[in-house]
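Chemist: what follows is a protein structure lacking sequence information:
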C-alpha cells in the first residue's frame, strides 16, 4: 500500500491509528507497529508549536525509527524535476511529459551579449 511519508504524515504511526478489533479496524497505521515510546514522541511533535523545538521533536522521531528500523519503504515513486536556465515553458514542479511539445530551449547569445 502506498503511503505518504513526510513530516505531516507522522501521526499515522501513532498506536491510536492502528486498525485492530478494539478500534473497529479503523486507522492509518497499516504497519500495526505499536510503541508507547513512539507515541510519546509523536504526541510531543504534534503539540509543539515553536519551530526549533518542533524540529527537535521530529529529529527524535526519525532517530527512533531509524535505529529500530520501524519503517522501511519497499519502493519509492520517482518525481521528475527539470531545472535549467536554458528551458522555457516548463512549470516549476513539472513532472508530466504530456505538454513537452510546448517546451523550448533558450539558445546562448553570442559572446558579450546578455539574455533579456
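Modeler: Yep, it's here. Given the structure is predicted, the values throughout are model-derived calculations rather than measurements. Numbers count the residues shown, from 1 in each chain.
Chemist: centre of the chain to stretch 45-58, how far?
Modeler: Chain-centre distance of stretch 45-58: 17 Å, with Cα atoms, centre = their mean, to the nearest Å.
Chemist: name the residues of that stretch that are buried.
Modeler: Of the residues in stretch 45-58, 45, 54, 57, 58 count as buried by neighbour count, 16 or more other Cβ atoms under 10 Å. (Glycine included, C-beta is placed from N, CA and C.)
Chemist: wait, residue 88 touches residue 104, no?
Modeler: Yes. Because the distance of 5.1 Å satisfies Cβ atoms under 8 Å, residue 88 is recorded as touching residue 104.
Chemist: any common contacting residues for the two?
Modeler: By Cβ atoms under 8 Å, 6 or more residues apart in numbering, residue 88 and residue 104 have no common neighbours.
Chemist: who are the contact partners of the residue lying closest to residue 39 once chain neighbours are set aside?
Modeler: Sequence neighbours aside, residue 15 is the residue nearest to residue 39 in space, at 5.1 Å (criterion: Cβ to Cβ, 6 or more residues apart in numbering). When contacts are counted by Cβ under 8 Å, 6+ apart, residue 15 touches 29, 34, 35, 36, 38, 39.
Chemist: repeat the analysis, applying 10 Å as the threshold.
Modeler: Counting by Cβ atoms under 10 Å, 6 or more residues apart in numbering, residue 15 touches 23, 27, 29, 32, 33, 34, 35, 36, 38, 39, 42.
Chemist: most neighbours, which of those residues?
Modeler: When neighbours are taken as other Cβ atoms under 10 Å, the top entry among the contacts of residue 15 is residue 42 (24 neighbours).
Chemist: now that one: which helix or strand?
Modeler: Element membership of residue 42 [criterion: DSSP states H and E] is helix 36-47.
Chemist: what are the contacting residues of that helix?
Modeler: Under Cβ under 10 Å, 6+ apart, the answer for helix 36-47 is 7, 10-17, 35, 53-65, 68, 70.
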